[in-house]
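Colleague: can you look at this prediction? I've put the sequence above it.
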Amino acid sequence: MLIKSVKGKTPSYGLDCFFAENSTLIGDVKMGDEVSVWYQAVVRGDVNIIRIGNRVNIQDGAIIHGTFEKSSTHIGNNVSIGHNAIVHGCRIHDNVLIGMGSIVMDHCEIGSNSIVAAGAVVVQNTIVPPGTVFAGVPAKKIKDIDINLQKNEIERIAQNYIMYSSWFKT
């Protein structure tokens, strides 16, 4: 893992985290407990702050960044950021799944208990209401989340990544 300070700011993290050997953490990044940052993922807090809650997984190839003097990135608790997703200068609330290859752009807000589908592009300033699924390019609401989808996707994936990371900590 590469941990790099920028302008006097060094990434910090809580307890029981996992960082793959080729993951990258840079600058003004603060993470909670049970966070995992997977292979070739980049969390780059060089131009603005990045704040990440507890039980967050940032999967292989994902990029977390912001925009200089304009947009910081805030990720809540129990969030899964899918493989090769880009999360840029936005706010993601608790219990959210950001699908593989999706893009969430500056000044977006992803409400709690929501899913951004794989490959979706959430364009700048979009508000995703809590409890919804957004998909497409540009991303639009396709349905409300029912309790089964919340349990079987959002919660299951977040829990699985805590388990997966334990395999690498031995």
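Modeller: Happy to help now that I have it. Numbers count the residues shown, from 1 in each chain.

Colleague: worst-scoring helix or strand of this protein, pLDDT-wise?
Modeller: helix 147-149 (a mean of 84; mean pLDDT, DSSP states H and E).

Colleague: so which bits of it are buried?
Modeller: Buried residues in helix 147-149, counting neighbours by 16 or more other Cβ atoms under 10 Å, are found at residue 149. Any C-beta I mention is one placed from the backbone N, CA and C, and that applies to glycine too.

Colleague: which other helices and strands contact it?
Modeller: Identification of packing neighbours for helix 147-149 by 3 or more Cβ pairs under 8 Å, 6 or more residues apart in numbering; DSSP states H and E yields no helix or strand.

Colleague: return the distance of the next helix or strand after it from the chain's centre.
Modeller: Sequence order places helix 156-168 as the next helix or strand after helix 147-149, per DSSP states H and E. A distance of 15 Å separates the centroid of the chain from that of helix 156-168, by Cα atoms, centre = their mean, to the nearest Å.

Colleague: got a list of contacts for helix 156-168?
Modeller: With contacts defined as Cβ atoms under 8 Å, 6 or more residues apart in numbering, helix 156-168 is touched by 17-18, 20, 34, 36, 55, 57, 59, 78-80, 95, 97.

Colleague: quick one: buried residues of the longest strand belonging to the chain?
Modeller: Looking across the chain with DSSP state E, the single longest strand is strand 42-52. Across strand 42-52, burial judged by 16+ other Cβ under 10 Å covers 42-48, 50-52.

Colleague: again with stretch 10-19
Modeller: For stretch 10-19, a neighbour-count test (16+ other Cβ under 10 Å) marks 11, 13, 17-19 as buried.

Colleague: farthest pair within the residues you listed?
Modeller: Within the buried residues of stretch 10-19, 11 and 18 form the most distant pair, 14.2 Å apart (Cβ to Cβ).

Colleague: so what's residue 42 up against?
Modeller: Each residue near residue 42 by Cβ under 8 Å, 6+ apart is listed here: 23-24, 26, 62-65.
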